[in-house]
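Visitor: kindly return the folded structure for what I paste below:
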Amino acid sequence: MDAYDEEPAARSGPDGPAGARRADSPTTPGEDSGPEATGGDDAPEPAPRAGLAALSPRYRLVAGGALAVVAAVAAVHLGMVFLSLAPANTVSKRHAKAVEGWVYPEFEQNWKLFAPNPLQQNVAVQARAQVRGGDGEVRTTGWTDLSAEDGAAIDGNLLPSHTQQNELRRAWDFLGTTHGTDNRPVGVRGALSEQYVRRIVVLRLRRDEGLDRAGTIERVQVRSRTVNVPPPEWSREKVSANPAYRVLPWWTVTGDETEAGAR
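Guide: From the prediction side, this is the model:
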C-alpha cells in the first residue's frame, strides 16, 4: 500500500515530486532562463561611435585644438577684410599697417562695404558738331544728348549691351579724372582720354544724326549736364533743381577719326 500510495504522489505535479523539475519542461512565466536571459548571441549590439567621440581622449584634444585654431584664423581674416572695406574709423586708422599687411595683395577688394557718399546726381553727356557741307558752308548742329540715347536703348531691354551701359559713361569718367578744373588735360592720359571721347562722339553723331550725309565733321564740342536727384518727400533736405554744365572747348577732328567714325 505504501508503494502504491507514493507513486501517484510522485506523479501528482507536472514536474514530478515536489522540489523536482524535469529538464525538458518549459519555464514558468516570470522566470528567466536560457541564453536570452543571460545576454546571448541574439542580444542587440551597441551602436559604434562616430566623429570625435570615436577618438581617444588624446586625439580628441588635438582635434579640438585644430578646430579652435581654424576658427580663430577665420575670425581674424573676416575682421581684417571688414576693416579694409569699411569707412575710415578709429580702429582701422590705428591698425592700418596690420590691416594692409594682411589684406594686400592676396585679398584686395575694389569695392567698399559702405558707400560714404553715394552718387546723387544725374549726369548726361551731350555733344554738337561743326559740319562743312558740299557747298563749303559750315554749320553748327544742336546739342545731342548721347546719354539719353543710351538710356532709351537700355530702358525695357532685358539684355542691354555693355557698350550701351558703360562705353560713354566710363569714357566721360576717364576724361574727368585726367583733366583739371580748367578742362585742360593732365599728362599723357589726359590727351588719350580726349582722343577716346572724340572718337566716340564722332561715331555716334555720324550714326545717330546722319551727319555723314550732311557733310564733313570738322570740329566737335562736348559738355555734361548735371542735375541733382530730388530728395524724397519725407526728407527735409533741399537741393537745387537747376542744371550745372561743364563745357569743354572745341576739338578739331582729324582725318583718321573721321574715317573711324565712317566705319
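Visitor: would you mind measuring from residue 87 to residue 58?
Guide: Distance of residue 87 to residue 58, computed by Cβ to Cβ, to the nearest Å: 48 Å. C-betas here are computed from N, CA, C, even on glycine.
Visitor: neighbour-wise, which of the two wins?
Guide: A direct count of neighbours by other Cβ atoms under 10 Å for residue 87 and residue 58 places residue 87 higher, at 11 against 8.
Visitor: are we agreed that the more buried one is in a strand?
Guide: No: assessed by DSSP: H, G, I helix; E, B strand; the rest coil, residue 87 does not belong to a strand; its assignment is coil.
Visitor: so, low pLDDT: which residues of the chain?
Guide: Along the chain, the model assigns pLDDT under 70 to residues 1-53, 110-118, 258-263.
Visitor: give me the distance from stretch 124-142 to the chain's centre.
Guide: Relative to the chain's own centre, stretch 124-142 is displaced by 45 Å; criterion: Cα atoms, centre = their mean, to the nearest Å.
Visitor: err, stretch 154-167, not the other one
Guide: Relative to where its chain is centred, stretch 154-167 has its mean C-alpha point 20 Å off (Cα atoms, centre = their mean).
Visitor: how about stretch 92-109?
Guide: For stretch 92-109, the distance from its own C-alpha centre to the chain's C-alpha centre is 20 Å (Cα atoms, centre = their mean).
Visitor: break down the stretch 1-150 of the chain into its helices, ranges please.
Guide: For the stretch 1-150 of the chain, the helices identified by DSSP state H, counting those that start in this stretch occupy 2-10, 34-37, 57-85, 90-94, 96-103, 146-154, in order along the chain.
Visitor: single out the most deeply packed of these.
Guide: Compared across the helices of the stretch 1-150 of the chain, helix 146-154 shows the largest average neighbour count, a mean of 15 (mean count of other Cβ atoms under 10 Å).
Visitor: which strands or helices does that one pack on?
Guide: strand 121-132, helix 168-177, helix 187-208 (3 or more Cβ pairs under 8 Å, 6 or more residues apart in numbering; DSSP states H and E).
Visitor: the shortest one vs strand 121-132, what angle?
Guide: For the pair helix 168-177 and strand 121-132, the angle between their directions (axes from the mean of the first three to the mean of the last three Cα atoms, to 10 degrees) equals 90 degrees.
Visitor: quick one on the thing from earlier: closest one to residue 225 among the helices and strands packed on helix 146-154?
Guide: Evaluated with Cβ to Cβ, the helices and strands packed on helix 146-154 place strand 121-132 nearest to residue 225, the distance being 4.6 Å.
Visitor: contact partners of the closest one?
Guide: Under the contact criterion Cβ atoms under 8 Å, 6 or more residues apart in numbering, strand 121-132 has outside partners 138-148, 168-169, 172, 201-202, 204-205, 211, 214-229, 250.
Visitor: going through these, which ones are buried?
Guide: Of all these considered here, the ones buried according to neighbour count by 16 or more other Cβ atoms under 10 Å are 141, 144, 146-147, 168, 172, 201-202, 204-205, 211, 214-215, 217, 219-222, 224-225.
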